[in-house]
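*Asks:* The following block contains a protein sequence and its predicted model.
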Amino acid sequence: MRVRTGDGVRLAVAIVLAAAAAMACAAELPGDDKVRVQRVEVVASTLGPVILLKVDDRAVPVSVDQTVAESIHAVLTHRKLPRPLTHDLMREVLQAYGGKVTQVVVTLRGTTFYGSVSIELGGEAKEFDSRSSDAIALAIHFSAPILVPRSLLESAGRELGDPPGSRRL
């Protein structure tokens, strides 16, 4: 996997600042409307892989582990991995039983991102608590919408722009 490198320190600082800024107003407000993420991108930083949830001219950076980054990157680039990863297995199992992920909501509490995965199976809808990274990966695997509260986008979202010297995965 090619990684986007360069001024990873700036991205790392942006992540820390986003988390700190979001702590002040991270709690989802009652009636807080949600916005649909328009694009998802995998980038590398000095702190490890980061998923950018992009809406208009803003992006919410979510740190993920290497396996989740690889899983998401493979789907985004239409690349089949030599062996299935956990998210591939989950997709296969759900599809085998007629299930699907219908949407994912990513929230922030304190400095921790949370995921809520909505699954439809056998005409019944259920919602499951999840790590945000796993929720994002499952949404990508099912082409399901990813939603974030507008307050999160405003508090933790950063202006889009590539760090100097970086390159896309």
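*Replies:* Looks like it came in fine. Numbering: from 1, shown residues only.
*Asks:* show me the residues around the spatially closest residue to residue 74 that is not a sequence neighbour that make contact.
*Replies:* The shortest distance from residue 74 to any non-neighbouring residue, by CB to CB, 6 or more residues apart in numbering, is to residue 81 (5.2 Å). Every residue, glycine included, has its C-beta placed from N, CA and C. If a contact means CB atoms under 8 Å, 6 or more residues apart in numbering, then residue 81 has 70, 71, 74, 88 as its contacts.
*Asks:* a markdown table please, covering those and showing neighbour count.
*Replies:* A markdown table is the format used below for these (neighbours: other CB atoms under 10 Å):
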| residue | neighbour count |
| --- | --- |
| 70 | 20 |
| 71 | 26 |
| 74 | 20 |
| 88 | 17 |
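*Asks:* want to throw those residues into CSV with secondary structure?
*Replies:* Output for the contacts of residue 81, formatted as CSV (DSSP: H, G, I helix; E, B strand; the rest coil):
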residue, secondary structure
70, helix
71, helix
74, helix
88, helix
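*Asks:* And residue 149, how far from residue 159?
*Replies:* Distance, residue 149 to residue 159, using CB to CB, to the nearest Å: 19 Å.
*Asks:* for the residue nearest the centre of the chain, what are its contacts?
*Replies:* The centroid of the chain falls nearest to residue 136 when counting by CA atoms, centre = their mean (4.2 Å). Each residue near residue 136 by CB under 8 Å, 6+ apart is listed here: 40, 51, 53, 62, 64, 68, 72, 104, 106, 115, 146.
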